[in-house]
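K.L.:
coords please:
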Amino acid sequence: MGLPRFFRTPEHKQFHYEPIYYDERKERLEERVRQIEQEQEIKNGGEHVRTIGKGSFSHYYDRRKKTQRYSSTRLILIIIFLLFVSYFLFFA
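P.N.:
So this is what the prediction gives:
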């Protein structure tokens, strides 16, 4: 029998690891089967339900990158324009 304690010492924590097996071929096959099923529903008059698939956001990433590039170019052009305007106002 132990002595009574005011503070409780923590128990040791266990690490539970379950390895995950990823089969890319199986994932692509399942995605393709889902797409074909959705196409069949559309042809049969069913309602199309949109899903988020692998790589569906890459278009938005490219679009954001393009917008950033145009934004930087626009900023540089505005700064050059303001420098020319200030030059003509003060030195001309």
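K.L.:
endpoints of stretch 20-29, how far apart?
P.N.:
19 Å (Cα to Cα, to the nearest Å).
K.L.:
now that stretch, how far from the chain's geometric center?
P.N.:
Distance of stretch 20-29 from its chain centroid, counting by Cα atoms, centre = their mean, to the nearest Å, is 20 Å.
K.L.:
do the same with stretch 83-91
P.N.:
Distance, stretch centre to chain centre, for stretch 83-91: 45 Å (Cα atoms, centre = their mean).
K.L.:
in PDB, list the C-alpha atoms belonging to it.
P.N.:
Extracted in PDB, the C-alpha atoms of stretch 83-91 (Å, rounded to 0.1, in the frame of the first residue of the first chain):
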ATOM      1  CA  LEU A  83       7.600  59.300 -61.100                       C
ATOM      2  CA  PHE A  84       7.100  60.800 -64.500                       C
ATOM      3  CA  VAL A  85       4.200  63.000 -63.300                       C
ATOM      4  CA  SER A  86       6.200  64.200 -60.300                       C
ATOM      5  CA  TYR A  87       9.200  64.900 -62.500                       C
ATOM      6  CA  PHE A  88       7.200  67.100 -64.800                       C
ATOM      7  CA  LEU A  89       5.400  68.900 -62.000                       C
ATOM      8  CA  PHE A  90       8.500  69.800 -60.000                       C
ATOM      9  CA  PHE A  91      11.300  70.100 -62.600                       C
END
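K.L.:
low-confidence ranges, the chain, go.
P.N.:
For the chain, applying pLDDT under 70 flags the ranges 1-4, 45-56, 59, 92.
K.L.:
quick one, helices of it?
P.N.:
Using DSSP state H, the helices of the chain run over 24-43, 58-91.
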